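*Asks:* have a look; sequence and predicted model below, questions after that.
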Amino acid sequence: MEEIAYWRRPERWLAFFLTLLGVCSFLAMVPVTPEQVTDEEIGALETSEGAISTFVDQLRGGTDTPRFLGHWTSLAPPMLAVLVALYFRSMVFALLSAFCAGAFLSFGLNPLVVATLALHDFIWKSVSSTFSLYIFLFLFTLVGMCMSFPAMAVSAAL
C-alpha cells in the first residue's frame, strides 16, 4: 500500500482548518482600532512635491504610504505560514501562502492590483536595495561553502 503525501491526507486538512478557524476566531476578538493616517501626514511623508506619479502610485491611489498603521490581521500571514508548515510539512507552500495572504490583506481583494503591488513592494523593493543585495550575496556564499565542504572532505578521504 502506498503512503499518501502529507498534504493529501484528509485528517491533515481538517485539523488545519479547525486550527485556523480557532486562531482567527481568537484574533477577531482582540479589540484593536487601527490608526488611520491623515492626508496631511501622508503629504509630509512623501519625498517630493512635484513627483511624477507612476503606475504603481496610481494603483495605490496617489500615495506610497499605507492608510492604516496597524491591525490584528498583521498576525495572520505569519500564523498561516506556521500552521501550513506544521500541518503539511512544506516550507515553500507555507511561505507562498503567507505571501499571498499578506498581499491580499495589504492591498485589497482585486487580484490584478494585489499581484502588481505585491510584486513591486515586497519583491522589487527588496531586491533593488543595496543592503538586501549584500545579504543575498552573503547567504548564497554561505550556502555555497556549506555545500562544497562535504564534497571536499569526501574527495580528500579518497
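*Replies:* Nice, I can see it.
*Asks:* can you pull out the low-pLDDT segments for the protein?
*Replies:* Low-confidence segments of the chain (pLDDT under 70): 1, 27-58, 60-70, 151-158.
*Asks:* all helices of it, in order?
*Replies:* Here the chain has its helices, by DSSP state H, at 10-28, 39-45, 55-59, 76-88, 91-107, 111-118, 125-128, 130-157.
*Asks:* list the buried ones in the fifth one?
*Replies:* Meaning helix 91-107. If you call a residue buried by 16 or more other C-beta atoms under 10 Å, then helix 91-107 has these buried ones: Ala94, Ser97, Ala98, Phe99, Cys100, Ala101, Gly102, Ala103, Phe104, Ser106, Phe107. For the C-beta atoms, the positions are set from N, CA and C on the backbone; glycine is no exception.
*Asks:* what residues are up against the first one?
*Replies:* The one in question is Ala94. Leu80, Ala81, Val82, Val84, Ala85, Phe88 (C-beta atoms under 8 Å, 6 or more residues apart in numbering).
*Asks:* now these in TSV, with distance to Leu18 and neighbour count?
*Replies:* TSV is the format used below for these (distance: C-beta to C-beta, whole Å; neighbours: other C-beta atoms under 10 Å):
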residue	distance to Leu18	neighbour count
Leu80	14	21
Ala81	18	20
Val82	15	13
Val84	14	23
Ala85	17	17
Phe88	14	19
